[in-house]
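In: sequence first, predicted model second:
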Amino acid sequence: MKKLLFAALVLSIGINASAQKKGLQGTWFATSQFGYQQTKTGTLKHTNFTVLPIVGNFVSPSVAIGAGVGYINVKQETGSTVNANSNIMVIEPLVRKYWNITGGLFFIGQLATPIISGKEKQSSLKVSQFGLAMSGGLDYVMGKHFTVEFSYNLANFSVTTLTPKTGDKTTVTDFSLAHVANVGGEYNTALGGSMSNIVTPLAFGFKFLF
């Protein structure tokens, strides 16, 4: 009887240790990024709209991989007349590493490779971009299925190519550390979108676990 109780105790400890070691491994997460900007002067209106759902999976107790797939719409209108209208696809593979600070509070490091591709309909201007973006932040687990995230842009590298129907293409290469400028002026001017603002590289959002 004692041997059976001892074996059960060892088995229970082993299962508990295995569960603790596993952590969030195998858990899926979902979040999303949204952005909207509009500039209006008289009847002239410029708008930018971004939606990027992100889904990922914890492949180990502290590492998750995922991808965002969405689009950016950039439009310029004068009254009811559309001067420029661009629909741009966005694909953003990413990998995250989590370090536990205390309790449900984690430090996160993320490396993403955003890729965009699309066309401005009126002028047939093609736009493409690829890059690398590194960020760090905090993630606090509020419950079994819900966390709150805070992140900061640490470094960014991107190459944007604007190819007109006729004429030479324009290539914009950008590298910045902890930058505060959001989108380059060449990009918005060419697509007829809203003028870029000087914005903070901080992000705050919610993540769902399932």
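Out: Nice, thanks for sending it over. Computed from a predicted structure; not experimentally measured.
In: neighbouring strands for the longest strand seen in the chain, and are they parallel or not?
Out: Longest strand of the chain, by residue count under DSSP state E: strand 81-102. Sheet pairing for strand 81-102, assigned by DSSP bridges, gives strand 63-78 (antiparallel), strand 105-112 (antiparallel), strand 115-120 (antiparallel).
In: per-residue confidence averaged over that strand?
Out: Average pLDDT, strand 81-102: 92.
In: pull out the buried positions in that strand.
Out: Of all the residues in strand 81-102, those buried under the rule 16 or more other C-beta atoms under 10 Å are Ala84, Asn85, Ser86, Ile88, Val90, Glu92, Leu94, Arg96, Tyr98. (C-beta placed from N, C-alpha, C; glycine too.)
In: what does stretch 54-63 give?
Out: So for stretch 54-63, counting by 16+ other C-beta under 10 Å, buried means Ile54, Gly56, Phe58, Ser62.
In: can you give me the distance of the third one to Gln110?
Out: With distances defined as C-beta to C-beta, to the nearest Å, the gap from Phe58 to Gln110 amounts to 14 Å.
In: same check on the last one?
Out: From Ser62 over to Gln110 the distance is 13 Å, taken as C-beta to C-beta.
In: overlap in contacts, the two.
Out: Taking C-beta atoms under 8 Å, 6 or more residues apart in numbering as the contact rule, Ser62 and Gln110 both touch Lys97.
In: where do the strands sit along the chain?
Out: Using DSSP E, strands in the chain cover 28-41, 44-58, 63-78, 81-102, 105-112, 115-120, 125-143, 146-163, 170-177, 202-209.
In: name the residues that touch the shortest one?
Out: When contacts are defined by C-beta under 8 Å, 6+ apart, strand 115-120 is touched by residues 71-72, 74, 84-92, 125-131, 190-192.
In: pLDDT averaged over it - what is it?
Out: 90.
In: with only the CA atoms kept, save it in CSV.
Out: Taking C-alpha atoms only, strand 115-120 is exported to CSV below (Å, rounded to 0.1, in the frame of the first residue of the first chain):
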residue,chain,number,x,y,z
ILE,A,115,5.5,42.9,-46.4
ILE,A,116,3.0,45.1,-48.4
SER,A,117,1.9,45.0,-52.0
GLY,A,118,-0.7,46.9,-53.9
LYS,A,119,-1.7,49.4,-56.6
GLU,A,120,-3.2,52.9,-56.8
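In: next, the angle from it to strand 125-143.
Out: In terms of direction (axes from the mean of the first three to the mean of the last three C-alpha atoms, to 10 degrees), strand 115-120 departs from strand 125-143 by 130 degrees.
In: buried set for strand 115-120?
Out: Ile116, Gly118, Lys119, Glu120.
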